[in-house]
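> Quick check, what structure comes out for this input:
(4 chains)
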Protein chains: 2
Amino acid sequence: MSETKHSTRVTLSQIAKRVGLSSAAVSMALRGHQRISAATRQRVLEEATRLGYVYDRGAAKLRTGQSDTVGIIISDIANGFFGELVAGVDEVIAETGMISFLFNTRDDVRRQESLLIRLREQGVDGMILCPAPGTDPALLERISAWGIPTVQMLRCISADQADYVSADYRTGVEALCEHLLAIGHRRIAFLGGCHDHSATSQRLAGFHGALQRHGLAPAGIIRCPATRQAGRESIKTLLATPQPATAAICYNDLIAFGVLAGLRDAGLVPGQDFAVTGFDDVEEAAASWPPLTTAATHPRDIGQAAGRLLLRRIATPGAAPERLIIPTEIIVRSSCGAKTGG
Amino acid sequence: MSETKHSTRVTLSQIAKRVGLSSAAVSMALRGHQRISAATRQRVLEEATRLGYVYDRGAAKLRTGQSDTVGIIISDIANGFFGELVAGVDEVIAETGMISFLFNTRDDVRRQESLLIRLREQGVDGMILCPAPGTDPALLERISAWGIPTVQMLRCISADQADYVSADYRTGVEALCEHLLAIGHRRIAFLGGCHDHSATSQRLAGFHGALQRHGLAPAGIIRCPATRQAGRESIKTLLATPQPATAAICYNDLIAFGVLAGLRDAGLVPGQDFAVTGFDDVEEAAASWPPLTTAATHPRDIGQAAGRLLLRRIATPGAAPERLIIPTEIIVRSSCGAKTGG
DNA sequence: TTGACATGCTTAATCGTTTAAGCATACCGT
DNA sequence: ACGGTATGCTTAAACGATTAAGCATGTCAA
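Got it, this is the predicted structure:
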């Protein structure tokens, strides 16, 4: 309760002195090395807790080269979707006794760059990266030259050079589009995805694919940031066109929520006068007004998969890059509600 | 481009060898020590980048005892409110060249405990802690014995033992309650706050204070987790009571959103048949349906304040604990809309 | 009795950086 | 010419852990 002295760390050799051993023996005892007798081990453990010993991971890392630490770099913690994602990664990582540090680029490439440098200096054993839009295509080469095992998550710079885990954006958007077509819509727009990255282009591929199969053209593609506010403004722009769309497929749920608000601003009833779909199925989607038709992306599963892939990569750095696409399911709610006709 | 060798780190002494200096001189040169000539410094810098030198923070920490690292422990990254909060902390911390590691307890005390231990082993220079409900009251004593400067954020175990930054929950709820009273409500309930911690009790104090001033009693207090879903269910429980309330003050915006949905489930029009207020003013509050009356808590400001307080604490560990309460402002929107009468 | 081998430890080196102390050399005023 | 001081480095010892190699013992089979 009062034995600990401030400002001076308890070390292995202090324990060693008290129990009459070498610090090497103490180190082995604490880690359960089999060449140390059970009795000795017991004495060491007791003395360690008595003195208030704290393992110095920095010192250990210097010697072993392993930090038991991985970095997770994501673009936006404020987006609830990422909360689940990170929780998924963390479950898997924590199980092995490693710990995951979380960092937020806010989709700023410069910030991403400085975080990467910092992680490298810290000597993490691996990284999970959700690359910011505008990331230098050569980044993966650079990272691989650094020798840090890395998994790309949600967005990929190149799936040939590093592992990659994501949701099946293409098929998800395709299914949403098919649904809108099935209930009679012919003028469908796509909203969102302000930067070019894989997560955007895959969605657009699904969008175009579905339309082409029906011999239709997009009724508008408006790029905007993935925020509520941007969605709210985009829908106004869309409605101001000569022959406005009757339905919009949004980049994600956040934008869709904005669109719902924007429609009400314009005096329209979402789901009745205009159909809206989102993407991700965040918690709010079921409770919004009207409830949102969307594609569920299972962020926790994606996170877990990314974590497992990273662990595998750390264990066997040489293996060929893997690519894991987690299926999505569309969930029909009333935001795409009644068929509106043409 | 191809000079770097894998698996073998470039060190100070390698640079030293190439430029014909001691590793000590190289260390000083890289850090801009004034006793090293400009010419030497230049040569060292060039050789360092040529060899692809990477600073080893672990090794430096071992020697200096400083990690230039702080830990932020929060309860729920999935809550958008925390995103801003963390961004605020980070701005202030990053400015000094330090870096902040983010961790998520998910309001689990056991997880919080293991994170704290891990941060201690990592040797962070300081922590910002948003304690999980049910945290041992003796925790602050323990941490202070560890000698790690710590700032409590949003929730406090004890404001006498460590710095504390928070929003003015009491006054905020009081103002919301006064507003509801002013527009005619007499039966007002409080929803949310499932665990006992300061952030809950302060809100309840504001609630009771305002009611008592008008000689009224609460029309119900329902405890529930701070989630949309919980809000949606709580309002049903509330409406099922004999003489149901006509207005509800919710613990935070998330719960309020749930309540809005729950009211619609019950066939009521929120803001017209029943008044609802939230807390925090998250982005969604302005765009929800109906827009939410709430108290703005300025999470970014709180984060910045916490960051600054931590820096001060690291600089002067001996100073008396500070307590900083950031004011809130109520924002009236239509969710508490028309006076409903009694 | 002897060699082989297992057991339970110790010794000493090492990871990469920082820093106090020391040591030349040059420069300056007197 | 001489003490004093500033400049620009070097030497060597840390920081706290891990680990390869070594060294006493004890045990056991032949």
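
> Would you point out the helix or strand in chain A whose mean pLDDT is lowest?
Counting by mean pLDDT, DSSP states H and E, the weakest-scoring helix or strand in chain A turns out to be helix A:283-287, with a mean of 85.

> Contacts for that helix next, please.
Applying CB atoms under 8 Å, 6 or more residues apart in numbering or on different chains, the external contacts of helix A:283-287 come out as A:80, A:253, A:256-257, A:278, A:291-292, A:294, A:331, A:333, B:227-229, B:232, B:257-258, B:261, B:284. The way it works is simple: take the backbone N, C-alpha and C, and place the C-beta from them, glycine included.

> A:E329 touches A:A295, doesn't it?
Yes. Judged on CB atoms under 8 Å, A:E329 makes contact with A:A295 at a distance of 6.8 Å.

> What ranges does the stretch 1-150 of chain A have for its helices?
Assigned helices in the stretch 1-150 of chain A, in chain order: A:12-19, A:23-30, A:38-51, A:57-64, A:80-95, A:109-122, A:139-146 (criterion: DSSP state H, counting those that start in this stretch).

> nearest to B:E322, of those helices?
helix A:109-122 (29.0 Å; CB to CB).

> Ignoring the adjacent residues along the chain, who's closest to A:R142?
Excluding its sequence neighbours, the residue lying closest to A:R142 (CB to CB, 6 or more residues apart in numbering or on different chains) is A:D136, at 7.9 Å.

> That neighbour: neighbouring residues, count only.
13 (other CB atoms under 10 Å in any protein chain shown).

> show me where pLDDT drops low in the stretch 1-150 of chain A?
A:1-7 (pLDDT under 70).

> Name the residues of it found near chain B, please.
By CB under 8 Å from any CB of the partner chain, the residues of the stretch 1-150 of chain A that approach chain B are A:4, A:6-7, A:54-59, A:61-62, A:67, A:76-80, A:82-84, A:86-87, A:90, A:99, A:101-104, A:106, A:118, A:120-123, A:145-147.

> switch to 7 Å and redo it
For the stretch 1-150 of chain A, the residues in contact with chain B (CB under 7 Å from any CB of the partner chain) are A:4, A:6-7, A:54-59, A:61-62, A:77-78, A:80, A:83-84, A:86, A:99, A:101-104, A:118, A:120-123, A:145, A:147.

> among these, which ones are buried?
If you count burial by 16 or more other CB atoms under 10 Å in any protein chain shown, the buried members of the residues of the stretch 1-150 of chain A next to chain B come out as A:54-59, A:61-62, A:77-78, A:80, A:83-84, A:86, A:99, A:101-104, A:118, A:120-123.

> ok, and which of those residues reach DNA strand D?
Filtering those for proximity to DNA strand D by CB under 7 Å from any atom of the strand leaves A:54-56, A:59, A:62.

> Now tabulate these in CSV and tack on distance to DNA strand C.
CSV is the format used below for those (distance: CB to the nearest atom of the strand, whole Å):
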residue, distance to DNA strand C
A:V54, 18
A:Y55, 15
A:D56, 11
A:A59, 7
A:L62, 4
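
> re earlier: what's the separation between the residue nearest to A:R142 and DNA strand D?
Going from A:D136 to DNA strand D by CB to the nearest atom of the strand, to the nearest Å gives 35 Å.

> Against A:R9, how distant is that residue?
Distance, A:D136 to A:R9, using CB to CB, to the nearest Å: 41 Å.

> same thing with A:K17?
With CB to CB as the criterion, A:K17 and A:R9 are 15 Å apart.

> what do you get for A:S23?
Applying CB to CB to A:S23 and A:R9 gives a distance of 14 Å.

> Strands of chain A, residue ranges please.
Here chain A has its strands, by DSSP state E, at A:69-74, A:99-104, A:126-129, A:150-153, A:163-167, A:188-191, A:221-222, A:247-250, A:275-277, A:294-296, A:323-326, A:329-331.

> Just give me the closest of the ones next to DNA strand D among the buried ones among the residues of the stretch 1-150 of chain A next to chain B to B:A219.
Of these, the one sitting nearest to B:A219 (CB to CB) turns out to be A:V54, at 51.6 Å.

> A:V282: neighbour count?
So A:V282, with other CB under 10 Å, has 26 neighbours.
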